[in-house]
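> This is the structure alone, sequence omitted:
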């Protein structure tokens, strides 16, 4: 801390002596601060009073402040040589975007009103202020990304000079550290550092955080290597639940129910806002929504924030961490029974109301257990009918497979072989390629409308569960079951599990 005392005290920073030994250091601090942001002068003025209560030191400080800008510090209207000017101190929230004609940040602006009439100046001033505020608002709204990059660059610059980046507001609480930093930037009371270096060392660049939607956009870019194998449709499907989580939160945050709710800056998203979102989901679950749906939103938001903060060197406490709700959703997708498949789904004319593509995709599932997307998105080259054992090949083909075990060859038998033959003859499932959701919606509606749902919980995907249950009932080895369904095999994976012939033998035992 700067020493206080009488005439013989020596300033620990400048080495000067006299009635006010630290006066030169104080003056140097002010001269430096004037160059990098006058908005902080008032704070340092308070510092001067605390460290040097002597009256003459305060007088010197006040003089420095009053003379630091043309026209004085009285803001509003000022008259210089008979002409009026509008003067305003830049509000703190616009400090990062307010620039002078030289492009450098300013803490005070002055606009010539081009009049010598006080009454006319009073009339013009509100218009000028409104225009300037609108200009700053637009700059603030459109320059968030640049501000963020500016802060990170400033932070790194400060670290290269041997100092951790500390905001000036914090430095003002530690006069000794502040004065040491200031003295590092100048000699004999004159700044020798660039504005960029001074801004970095003195912590005058605000840490601007992005909005939640901007974090989502950044998250997509930061994780782009995860999606190199995905098709455009898969990327869109991956993006939708994360976009929905952001939309749900923003609607709760603003108390709206909009498809495109107003965005929110991270500075305003705290733990209380996250807990409010959790409570909103709790009420929805009481009304019948799934716990899984709520936890997906929490997981997506937390993952986005954590990834962004880690990969952009941002110090931000993740408010969405640890929000998951306990509880188990009632029921899962049940399998169709064999009797229902043979007696209802495959009854004569039962599926005639479906278009041929939708019907044949469903029929291929009956004896293969293939996922709908593995059928709709397959090229005709993956339907091999000339082999001794006709089969359907599941391969990436420009898509990202769900898991590595998904790639496999599945024998075609019975009604599934007949449907596969028709699909290949038509050149594939063109109507639903990369549109499995549309297929599911159509078929599920058809099953419901035509009384083909075994229970209310049964859906088209229940056919895949039927195949799994049928293989289990036929006592098929778990390794072969995993190979057929494309599941991960939890035990050591030695050999081929019988290969295509072994899968064919297994499926013959349940074939319809």
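Everything's here; your move. Remember, it's a predicted structure, so these values are computed and weren't measured experimentally.
> Now for the closest residue to residue 327 other than its chain neighbours, how many residues are close by?
Nearest residue to residue 327, sequence neighbours excluded (C-beta to C-beta, 6 or more residues apart in numbering): residue 291, at 4.2 Å. Bear in mind the C-beta positions are built from the backbone N, C-alpha and C, glycine included. For residue 291, the tally of surrounding residues (other C-beta atoms under 10 Å) stands at 17.
> Can you verify my assumption that residue 291 contacts residue 284?
No: contact criterion C-beta atoms under 8 Å: residue 291 and residue 284 do not qualify, at 10.1 Å.
> my guess is residue 508 contacts residue 412, does it?
No: judged on C-beta under 8 Å, residue 508 makes no contact with residue 412 at a distance of 11.5 Å.
> so where is the stretch 51-200 of the chain shaky, pLDDT-wise?
The model of the stretch 51-200 of the chain has pLDDT under 70 over residues 51-75, 101-103, 131, 134-149, 187-195.
> so which strand or helix has residue 409?
strand 408-411 (DSSP states H and E).
> Now that strand: buried residues?
Buried residues in strand 408-411, counted by 16 or more other C-beta atoms under 10 Å: 408, 409, 410, 411.
> about what we covered before: which residues are in contact with both of residue 291 and residue 284?
Residues touching both residue 291 and residue 284 (C-beta atoms under 8 Å, 6 or more residues apart in numbering): none.
> what's the closest non-adjacent residue to residue 276?
Nearest to residue 276 is residue 252, by C-beta to C-beta, 6+ apart, at 6.3 Å.
> Show me what the one helix or strand that neighbour maps to is packed up against.
Here residue 252 sits within helix 232-254, counting by DSSP H and E. With contacts taken as 3 or more C-beta pairs under 8 Å, 6 or more residues apart in numbering; DSSP states H and E, helix 232-254 sits against helix 212-222, helix 271-286, helix 291-311.
> go with 10 Å
The contact analysis (3 or more C-beta pairs under 10 Å, 6 or more residues apart in numbering; DSSP states H and E) places helix 232-254 against helix 212-222, helix 271-286, helix 291-311, helix 372-376, helix 436-449.
> what's the most buried one of the ones you listed?
By mean neighbour count, with neighbours taken as mean count of other C-beta atoms under 10 Å, helix 372-376 ranks first of these at a mean of 25.
> next SSE after that one?
Next along the chain from helix 372-376, counting by DSSP H and E, comes strand 383-384.
> now that following strand: how far from the chain's centre is it?
42 Å (C-alpha atoms, centre = their mean, to the nearest Å).
> what's it in contact with?
With C-beta atoms under 10 Å, 6 or more residues apart in numbering as the test, strand 383-384 has contacts from 364, 375, 390-393, 409, 412, 420-421, 423-425, 428.
> Repeat the analysis, applying 7 Å as the threshold.
390, 391, 392, 393, 420, 423, 424 (C-beta atoms under 7 Å, 6 or more residues apart in numbering).
> Quick one: which of these is the most crowded by neighbours?
residue 420 (26 neighbours).
> Just want the angle from the helix holding residue 252 to helix 212-222.
150 degrees (axes from the mean of the first three to the mean of the last three C-alpha atoms, to 10 degrees).
> what comes up buried for helix 232-254?
Result for helix 232-254 [16+ other C-beta under 10 Å]: buried residues 233, 234, 242, 245, 246, 247, 248, 249, 250, 251, 252, 253.
> hmm, back to that, which of the contacts of strand 383-384 fall within strands?
Using DSSP state E, the subset of the contacts of strand 383-384 located in strands is 391, 392, 393.
> Closest to residue 326 out of those residues?
Distance to residue 326, by C-beta to C-beta, is smallest for residue 392 among the ones in strands among the contacts of strand 383-384, at 41.1 Å.
> By residue count, tell me the biggest strand in this protein.
Scanning the chain for the strand with the most residues, using DSSP E, yields strand 83-89.
> I'd like to know which elements that one is packed against.
Under the contact criterion of 3 or more C-beta pairs under 7 Å, 6 or more residues apart in numbering; DSSP states H and E, strand 83-89 touches strand 76-80, strand 108-112, helix 118-142.
> As CSV, the ones you listed with mean neighbour count and distance to residue 502 would be great.
Formatted as CSV, these follow (neighbours: other C-beta atoms under 10 Å; distance: least, C-beta to C-beta, whole Å):
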stretch, mean neighbour count, distance to residue 502
strand 76-80, 14, 88
strand 108-112, 16, 80
helix 118-142, 14, 62
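> closest one to residue 339 among those?
Shortest distance between residue 339 and the helices and strands packed on strand 83-89, using C-beta to C-beta, is found for helix 118-142: 63.1 Å.
> Quick check: chain neighbours aside, which residue is closest to residue 369?
Excluding the flanking residues, the one nearest residue 369 by C-beta to C-beta, 6+ apart is residue 467, at 3.2 Å.
> Which of the helices or strands spans the one you found?
Using DSSP H and E, residue 467 falls in helix 462-473.
> what inclination does that helix have with respect to helix 436-449?
80 degrees.
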